[in-house]
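Colleague: sequence first, predicted model second:
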Amino acid sequence: MAGDLVLLTGATGHLGFRTLRTALENGYNVRAAVRSEAKADQVRSNPALKAMNRDDQLSFVIVPDFGKPGAFDEVVKGVKYIIHCASPIPTKPTGADTDYEKHFIEPAVQGTLGVFESARQAGTVKRIVVTSSVVAQMNPKVFQESLDEVFDAESRLPEIEPPFTDPGVAYIASKVAALNRAEAWVKREKPAFDVVHVHPSFIFGRDDMVDNTKSFQTGTNFIPLNLALGNADPATQKFPNTYNNVADCAKVHVLALDPKIEGNQSFVVSSTGMDGMTWEETNEIVAKHFPDAVKDGRLPNTGGYQTIVAKLDSSKTEKTFGFKFTSYEDTVISLVEHYLELLEKESNGQLTNGH
């Protein structure tokens, strides 16, 4: 309810920052756990957040290592709800480190269970909303070939055993392990709080934590954007046809705090559901809405991917929360508009060295 205190992790990320803003818009007081004061300043100074003028609802706490035992013991005190968005992203570990177990599995599992343990000790927490992923539910083969199998909120996978061949496989393994072990912990420990898992597909849409065009390549927004930029080759690249708008995903996280929503369940967030879309639609949307940018070469619009059909049943989510997911067209428009805004600023010298 409005005025209740929410502990949020992952506020510097695409989804986490949008969830922060959505929680504030809905009247919650938010205590954002970040890894450093510099991260807190990064969020505080963001123009989109400053424009909201909600400083009285927001505070920050520093938790340098989310995986350390007891890391959240102090910061969770007095908290009624927790939204745990923080998670390793599917990129290569820093430097030459290829210890995927250390980089992906341990942070995902220990971070989640650590939050649970601290919440149990605090005694005030009523619900924890955890960001999972549809990769914790879909047969991994769907990243290589179209499948007839339908995946929904109740789908589960056995844990994937190491060694892991690449960061993508390790990321999937981390999400599977975190979900399975979190659910096992709740069943075994029977805490006073309940848990809701949110399972996003690829998250697209305007990312107000991004302030330069190069940064579009560090998150999932690169997938549709590189079609517009001509940086995608259908001969070598293919993706499942699943996506969701970041605003929708953030909304589900915040609405899931409502005690009227039954706890200890999962929700898939995937906008096209089982109807699907094709990646070629991206080029059509760009050509329709940004013809000048296509004509002058800012958006060559020559990229392509092979479309893998992945059937995700997200009807439960729309029915439970009472809103329709944002269309792919509107999602692509919001993303491309933001890219062109930043490109213009860079071209005019308003951004220097990406800032």
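Modeller: Perfect, thanks for sending it.
Colleague: would you mind finding the longest helix in the protein?
Modeller: Across the chain, the longest stretch assigned as helix under DSSP state H is helix 167-189.
Colleague: so which elements touch that helix?
Modeller: Using 3 or more CB pairs under 8 Å, 6 or more residues apart in numbering; DSSP states H and E, the elements in contact with helix 167-189 are helix 100, helix 106-122, strand 194-200. Every C-beta, even on glycine, is put in place using the N, C-alpha and C of the backbone.
Colleague: distance to residue 236 added to these, as TSV?
Modeller: Written out in TSV, the entries for the helices and strands packed on helix 167-189 read as follows (distance: least, CB to CB, whole Å):
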stretch	distance to residue 236
helix 100	23
helix 106-122	29
strand 194-200	26
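Colleague: low pLDDT regions in the stretch 101-250 of the chain?
Modeller: Counting by pLDDT under 70, the stretch 101-250 of the chain shows no low-confidence range.
Colleague: pretty sure residue 60 sits against residue 32.
Modeller: Yes. Between residue 60 and residue 32 there is a contact at 5.1 Å, judged by CB atoms under 8 Å.
Colleague: which neighbours do the two share?
Modeller: Overlap of the contact sets of residue 60 and residue 32 (by CB atoms under 8 Å, 6 or more residues apart in numbering) consists of 40, 43.
Colleague: the more surrounded of those two?
Modeller: Shown here are residue 60 and residue 32; by other CB atoms under 10 Å, residue 32 has more neighbours (25 against 17).
Colleague: state the helix or strand in which that one lies.
Modeller: Following DSSP states H and E, the helix or strand that holds residue 32 is strand 29-34.
Colleague: which residues are contacting that strand?
Modeller: In contact with strand 29-34 (CB under 8 Å, 6+ apart) are residues 3-9, 11-12, 20, 23-24, 40, 43, 57-63, 66, 72, 75, 79, 86.
Colleague: what do you get for stretch 164-175?
Modeller: Applying CB under 8 Å, 6+ apart, the set of residues contacting stretch 164-175 from outside is 87-93, 100-101, 103-105, 107-109, 132-133, 135-136, 140, 143, 159-160, 162.
Colleague: derive a ChimeraX selection command for the buried subset of those.
Modeller: Of these, the buried ones can be selected in ChimeraX as follows, counting by 16 or more other CB atoms under 10 Å:
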select :87,88,90,100,103,104,105,107,108,109,132,133,135,136,143,160
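Colleague: among the contacts of stretch 164-175, which ones are in strands?
Modeller: Among these, DSSP state E puts none in strands.
Colleague: what segments of this protein are strands?
Modeller: Applying DSSP E to the chain gives strands spanning 5-9, 29-34, 58-62, 81-84, 127-131, 150-151, 194-200, 203-204, 238-240, 244-245, 265-269, 306-308, 311-312.
Colleague: just checking: what are the partner strands of the last one?
Modeller: Based on DSSP bridges, the strands next to strand 311-312 in the sheet, each with its direction, are strand 150-151 (parallel).
Colleague: for the fourth one, same thing?
Modeller: For strand 81-84, the paired strands and their directions (DSSP bridges) are strand 5-9 (parallel), strand 127-131 (parallel).
Colleague: buried ones among the contacts of strand 29-34?
Modeller: When burial is judged by neighbour count using 16+ other CB under 10 Å, the buried members of the contacts of strand 29-34 are 5-9, 11-12, 20, 23-24, 40, 43, 57-58, 60, 63, 66, 72, 75, 79, 86.
Colleague: all set, thanks.
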